[in-house]
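**Student:** Can you look at this prediction? I've put the sequence above it.
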Amino acid sequence: MSLAFSEDTRARHERMLARYPNREAAILPTLHLAQREFGHLSAEAIAYVASLLGFTPARVEGVATFYTMYNRKPVGKYHLQVCRNLSCSLMGAEHLIEHVAGRLGVRPGETTADGKFTLSTVECLGSCGTAPVMQVNDDYYEDLSEDKVDAILDGLR
Ligand code: FES
């Protein structure tokens, strides 16, 4: 296995493990660390996380595939995740998704040719009161309109 956490991440992981009652509870945060470190959760990254926690890769794979916040394939520099759940849909999310797709020339699930943007649709981001909502990497953008999305994309170019 050639993947491994950096020294900083390994130390952070050790500190993190001390805060959880058991290794089972540490699967999600360890996957977050792995995604941040490796960019996405390849089969090798899943196997590495499994080895760190003493689980089978299948056990960790089952967790990673259940949640949409884990990327199983590489994503662009900016990962645009547009919520398509009920509140956001009622506030025009489907229209916004089409707008973003048209601006970038990609469909949901695709990455622009320059590797800069990946467009994804996701379930509720937990900010229904400010729908429609889009997450870009770690940042939330709320109460979106086409104009606001255009300004966000222009700012990222
Ligand atoms: S439905 Fe979009 S944030 Fe909840």
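**Tutor:** It's in. The structure presented is a predicted model; accordingly, all values stated were derived computationally and were not measured.
**Student:** How is this protein partitioned into domains?
**Tutor:** Here the domain parsing of the chain from automatic domain parsing is 7-66, 78-156.
**Student:** what would those look like in JSON lines with mean neighbour count and distance to R72?
**Tutor:** Backbone N, C-alpha and C define where each C-beta goes, glycine included. Compiled in JSON lines, those are given as follows (neighbours: other CB atoms under 10 Å; distance: least, CB to CB, whole Å):
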{"stretch": "domain 7-66", "mean neighbour count": "16", "distance to R72": "6"}
{"stretch": "domain 78-156", "mean neighbour count": "17", "distance to R72": "11"}
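**Student:** export these to JSON lines and tack on distance to the ligand and mean pLDDT?
**Tutor:** Rendered in JSON lines, the data for the domains of the chain read as follows (distance: least, CB to the nearest ligand atom, whole Å; pLDDT from 0 to 100):
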{"stretch": "domain 7-66", "distance to the ligand": "18", "mean pLDDT": "96"}
{"stretch": "domain 78-156", "distance to the ligand": "3", "mean pLDDT": "97"}
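**Student:** Contact partners for the residue positioned nearest the centre of the chain?
**Tutor:** Taking CA atoms, centre = their mean as the criterion, M69 is the residue nearest the geometric centre of the chain, at 3.9 Å. Residues counted as contacts of M69 (CB atoms under 8 Å, 6 or more residues apart in numbering) are V122.
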